[in-house]
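>>> output the structure for:
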Amino acid sequence: MKAPKYISRTDAAWRLRIRHRKREEFNKHFNFDKYGGIKHALYAAIEMRDQLLKKYGMFEFVNRQKSPDLQTLRKSKPCIGIFRARNIQNGKTFYNWTVTIHKDGKQSKRHFSINMYGEELAFLLACEARFKHSGPLIIVNKKALPCKPSVPYIIKG
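Down below sits the predicted model:
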């Protein structure tokens, strides 16, 4: 079970920790035994977290995503916002190039099937979709590129 933001798991409890203005800090542990199990303790921690974030005026930070770590991206993704995905359905494996787009505070994805378009054309279509939304591509791993992009790009690293 993945811990929600501001909440971490210890051996016997969920720990809620919120720093407000880098000086004030709120810590509370939600013991599994006291709350009747792991899930009940987690729900109590989430409820208290939401109340505190509303009180401090920080509730909009709950769903905020961190910017991508370039070291992590370099290993598996050729460009920021474009990655190769594998889906297994009914015992069959499907591959596609996926484009991540952020619009109006929401994340959406477009998939270009490698089985349908082929490796290079699917990647080029993904590059064009990303370019239309975000401008020039930022290439972080030249070795992972199946072909040279047909849109403007910048090489980082």
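
>>> ok, and for the helix ranked longest in the chain, which residues are buried?
As assigned by DSSP state H, the longest helix anywhere in the chain is helix 38-56. Of the residues in helix 38-56, 41-42, 44-46, 48-49, 52-53 count as buried by neighbour count, 16 or more other C-beta atoms under 10 Å. All C-beta atoms are positioned from the backbone trio N, CA, C, and that covers glycine.

>>> just the closest of those residues to Pro152, please.
Checking the buried residues of helix 38-56 against Pro152 with C-beta to C-beta, the nearest one is Leu53 at 40.3 Å.

>>> start and end of stretch 101-110, how far apart?
8 Å (C-alpha to C-alpha, to the nearest Å).

>>> so this protein: which segments form each domain?
Split into domains by automatic domain parsing, the chain comes to 7-61, 70-155.

>>> between the ones you listed, which gets the lowest average pLDDT?
Of all the domains of the chain, domain 70-155 carries the lowest average pLDDT, namely a mean of 82.

>>> just how off-centre is it within its chain?
Mean-position distance between domain 70-155 and its chain equals 15 Å (C-alpha atoms, centre = their mean, to the nearest Å).

>>> quick one: Cys79 from Pro149, how far?
Distance, Cys79 to Pro149, using C-beta to C-beta, to the nearest Å: 8 Å.

>>> the more surrounded of those two?
Between Cys79 and Pro149, counted using other C-beta atoms under 10 Å, the more crowded position is Cys79 (25 against 21).

>>> can you point out the buried residues in the helix or strand harbouring Ala122?
Element membership of Ala122, judged by DSSP states H and E, is helix 119-134. For helix 119-134, the neighbour count (16+ other C-beta under 10 Å) marks 121-131 as buried.
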